[in-house]
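*Asks:* Requesting a structural model of the entry that follows:
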Amino acid sequence: MKTTFYQVLELPFNASAEEIRTAYFEAARRFHPDVNPDPFAKQKFLQIQEAYEVLSNPKKRTAYDEQLPAELKELPAVNISITYGRSQIPLLEEPQLFYVLMELDTPKQPDPKDLPPIHVCLVVDRSNSMRGDRIDMVRQNIIYLARKLRTKDRLSIVAFSDRAEVILPPKELEDPAAVDGVISKLQVGGATEIFQGLSTGYDLIQRFSREGMIKQLILITDGHTYGDEQNCIDLAAQAREEGVPINALGIGDEWNDIFLDRIAALSGGNAIYVSRNEDLTQFIENKIKSISVSYARKIEWFFNLAEGIELRYVFRIHPDITPLGNESPIPLGTIEYGKKTSIILEFKLPPLSSTQIEVELLRGHIQMQVPSLANPFGRYPIHLTRQTRENWQTEKPPTSILQAMSKITLYRLQEKARLEVLAGDIGKATRHLQHLATHLLAQGDRELAKTVLVEADHIQRTHSFSKEGDKKIKYGTRALFLLPSPARRES
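*Replies:* Okay, here's the model as predicted:
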């Protein structure tokens, strides 16, 4: 089927004149031959010009729309709900924080024929440090992953140290046992250069994925990379533009969590701490289950903040958990059938004038792709604004906001402690960790509370975090977002 002008501009059939104009300028800026060296950019730019010439003219657009088949006019079925922390914003003479919860879901029920195939590319660290139990754990879970994929899905595997090797070219696994012979090629040796593996895996998943396939790149490593961090970050940004999330799994306690968090968040994936075999198996179980029932992918939020407004924090809290960046565009992940994608936002507002009747936070739009539709593109305007109130009044935030705020507070306590240790303020860091442990005990999480208290003692003695304790606390407090109630396991 020939590409429509709506698809050229990545727009739904019901796009407004303003959306058409905005999409045109965005696309023209990306593909203008003066700034894009790609040999296909000129041809793409001419298509963009032609599409805009027709769709921006009401008469030409009406005539064009009449000859489009019905399936190209079908729109994505997506709900976007906004919950504000307060019904009105008090007029205060000092800065204040304001919270917003944004939730996306689809009312549609999954139809097996609409569930797209997936291509999973594993990028596996096989440097010397992976020797022994770690590489055995990875081998075991590759076999488990192969048995979880459907016959229409595709798997590829890249092994890397200071060089990368494709040990399983992209293929459908009609017989999952076919990977058993591949496992023997996972022999350890060499140093860790993550870009070697990531770039090879990204190239595979781009060149060998059919149209409409859900693409997932999974990086498994236990160490630092040296000298190629910026290349990895640039690749993650490119992966976001192409709708390829990078999920970064760190094994043990030697890996650079800040670096892996960044490439995961940049690309729309998430970072996971793997301390035992069960963690890796659980990740594979959850990830394959979620991407197999994806309705929408490549969800990006483009926005402009109102003057004086600061977006301090953006955190995806469902269906998986990861801190996101706070600069436009933000990759929000996917929408799964039967689940909500939930994003909590923290704004810092400036002092407000007594005559101000409304506070605008931001304007923008969310765009996405729905592979099951003939025209997969969806675009939804987002305008966040609240009326003001002259006098401060006590108002209990909505329960969903309150729960998210309480968990963010705990996560931030460990962030503050980390920064205070780096600054040499050991007393303050220790107090923050003790405060965190008290809250965790009140919620019934004795295991994590014990880890926090042990780490507080370690910091007092050594003036530094232990590598294991640091990651256990960081990813343990992050995992609190998965829990719907204070009740947790005891040990």
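
*Asks:* Low-confidence ranges, the stretch 151-300 of the chain, go.
*Replies:* Confidence mapping of the stretch 151-300 of the chain against pLDDT under 70 gives zero matching residues.

*Asks:* Can you give me the domain assignment for this structure?
*Replies:* Following automatic domain parsing, the chain resolves into domains at 5-73, 79-111+294-389, 116-291, 399-482.

*Asks:* quick one: contacts of the helix with the most length in the chain?
*Replies:* Taking DSSP state H as the assignment, the helix of the chain that covers the most residues is helix 399-423. Where contact means C-beta atoms under 8 Å, 6 or more residues apart in numbering, the residues beyond helix 399-423 that reach it are 83-85, 99, 101, 313, 315, 317, 342, 344, 346, 396-397, 426, 428-430, 432-433, 435-436, 439-440, 452, 459, 463-465, 470, 473-474, 477-478, 480-481. Bear in mind the C-beta positions are built from the backbone N, C-alpha and C, glycine included.

*Asks:* mind checking how far that helix is from the chain centre?
*Replies:* Its chain's average C-alpha position is 19 Å from that of helix 399-423, according to C-alpha atoms, centre = their mean, to the nearest Å.

*Asks:* what sits up against the next helix or strand after that helix?
*Replies:* Once helix 399-423 ends, the next helix or strand along the chain (criterion: DSSP states H and E) is helix 426-442. The contact list for helix 426-442 (C-beta under 8 Å, 6+ apart) reads 410, 413-414, 416-418, 420-421, 446, 448-450, 452-453, 455-456, 459-460, 463, 473, 477, 486.

*Asks:* Now the buried members of those.
*Replies:* Buried positions within the contacts of helix 426-442, assessed by neighbour count (16 or more other C-beta atoms under 10 Å), are 410, 413-414, 416-418, 420-421, 448-449, 452-453, 455-456, 459, 473, 477.

*Asks:* For the residue sitting nearest the centre point of the chain, give me its contacts.
*Replies:* Among the residues of the chain, the smallest C-alpha distance to the mean C-alpha position (C-alpha atoms, centre = their mean) belongs to Gly268, namely 3.0 Å. Contacts for Gly268 (C-beta under 8 Å, 6+ apart) come out as 239-240, 243, 245, 298-299, 331-333.

*Asks:* Show me the shaky parts of the stretch 351-491 of the chain.
*Replies:* Applying pLDDT under 70 to the stretch 351-491 of the chain flags residues 482-491.

*Asks:* Swap in 90 and give it another go.
*Replies:* With pLDDT under 90 as the threshold, the stretch 351-491 of the chain has low-confidence stretches at 371-372, 390-397, 403-409, 443-444, 478-491.

*Asks:* okay but Thr451 is in contact with Lys471, surely?
*Replies:* No: with contact defined as C-beta atoms under 8 Å, Thr451 does not count as touching Lys471 (10.3 Å).

*Asks:* Name the residues contacting each of these two.
*Replies:* Overlap between the neighbourhoods of Thr451 and Lys471 is empty, taking contacts as C-beta under 8 Å, 6+ apart.

*Asks:* how much space between Lys467 and Trp255?
*Replies:* The spacing between Lys467 and Trp255, counted by C-beta to C-beta, to the nearest Å, is 9 Å.

*Asks:* Mind checking which of the two has more residues around it?
*Replies:* When neighbours are counted by other C-beta atoms under 10 Å, Trp255 comes out ahead of the other of Lys467 and Trp255, with 25 against 13.

*Asks:* which residues does the more buried one contact?
*Replies:* Taking C-beta under 8 Å, 6+ apart as the definition, contacts of Trp255 comprise 221-224.

*Asks:* For the stretch 101-250 of the chain, just list every one of the helices.
*Replies:* Secondary structure of the stretch 101-250 of the chain (DSSP state H, counting those that start in this stretch): helices located at 133-148, 180-183, 194-207, 229-241.

*Asks:* and of those, who's closest to Leu92?
*Replies:* With C-beta to C-beta as the criterion, Leu92 lies closest to helix 229-241 of those, at 36.8 Å.

*Asks:* what angle sits between that closest one and helix 194-207?
*Replies:* Here helix 229-241 points in a direction 20 degrees away from that of helix 194-207 (axes from the mean of the first three to the mean of the last three C-alpha atoms, to 10 degrees).

*Asks:* List the buried residues of stretch 22-32.
*Replies:* Under the neighbour-count rule (16+ other C-beta under 10 Å), stretch 22-32 has 22-24, 27-28, 31 buried.

*Asks:* ok, now stretch 280-288?
*Replies:* Counting neighbours by 16+ other C-beta under 10 Å, the buried set in stretch 280-288 is 280-281, 283-284, 287-288.

*Asks:* and if you look at stretch 124-137?
*Replies:* Neighbour-count burial for stretch 124-137 flags 124-127, 129-130, 134-135, 137 (criterion: 16+ other C-beta under 10 Å).

*Asks:* Which of those residues sits closest to Ser209?
*Replies:* Taking the buried residues of stretch 124-137 together and measuring to Ser209 by C-beta to C-beta, the closest member is Val124, at 19.2 Å.

*Asks:* Just the buried ones out of the contacts of helix 399-423, please.
*Replies:* Buried residues within those, counting neighbours by 16+ other C-beta under 10 Å: 83-85, 99, 101, 313, 315, 317, 342, 344, 346, 397, 426, 429-430, 432-433, 435-436, 439-440, 452, 459, 465, 470, 473-474, 477-478, 480-481.

*Asks:* Now, those residues that are in strands?
*Replies:* Using DSSP state E, the members of the buried ones among the contacts of helix 399-423 that fall in strands are 83-84, 99, 101, 313, 315, 317, 342, 344, 346.

*Asks:* Can I get the buried ones among the contacts of Trp255 as something I can paste into PyMOL?
*Replies:* With 16+ other C-beta under 10 Å as the burial test, the buried ones among the contacts of Trp255 are selected in PyMOL as follows:
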select buried, resi 221+222+223
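
*Asks:* Arg150: which of the contacts of Trp255 is nearest?
*Replies:* Each of the contacts of Trp255 was checked against Arg150 using C-beta to C-beta; the closest is Thr221, at 27.3 Å.
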